[in-house]
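**Q** Just the structure for this:
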Amino acid sequence: MGQFEVSVGNLIKQKRIHHKLSREKLAELANINPRFLYDVEIGEKGMSIKTLCKISHALDISPNDLLEWGTEEIHKIIESLILSDD
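**A** Residues are numbered from 1 along each chain as shown. Next up, the predicted model:
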């Protein structure tokens, strides 16, 4: 997966730890498979908007909180994609 997935996964893990939840407990609260959550946290798998909402709800945060990982990072990704097409 790409940098976006890795960054969102890292943020999910940080929020999970901040809320003192195990991966298994967060997966249970979000009604997803713990192995899938692990893959998301390490950036190996992406997720649907529905799953993002389930995870954010389980963490008692807004889905936007998981997507606001930095405007600067988004610009870097877009720039690298544009430059790679040349």
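**Q** Just give the number of residues close to residue 68.
**A** Other residues near residue 68 come to 11 when the count uses other Cβ atoms under 10 Å. Backbone N, C-alpha and C define where each C-beta goes, glycine included.
**Q** Can you tell me how far residue 3 is from residue 9?
**A** Between residue 3 and residue 9 the distance, using Cβ to Cβ, to the nearest Å, works out to 11 Å.
**Q** Show me which of the two is the more surrounded one.
**A** Comparing residue 3 with residue 9 by other Cβ under 10 Å, the one with more neighbours is residue 9, at 23 against 13.
**Q** close enough to count as contact, the more buried one and residue 40?
**A** Yes. Residue 9 lies in contact with residue 40 (Cβ atoms under 8 Å); the separation is 5.1 Å.
**Q** Quick one: name whatever helix or strand follows the helix or strand harbouring residue 15.
**A** Element membership for residue 15, per DSSP states H and E: helix 3-18. On the C-terminal side of helix 3-18, the closest following helix or strand by DSSP H and E is helix 23-30.
**Q** Residues touching that following helix, excluding its own?
**A** Helix 23-30 is contacted by residues 16, 19, 21, 33-34, 36-38, 41, 51, 54-55, 57-59 when judged by Cβ atoms under 8 Å, 6 or more residues apart in numbering.
**Q** and these, which are buried?
**A** Burial by neighbour count, judged by 16 or more other Cβ atoms under 10 Å, picks out 16, 21, 37, 38, 41, 51, 54, 55, 58, 59 from the contacts of helix 23-30.
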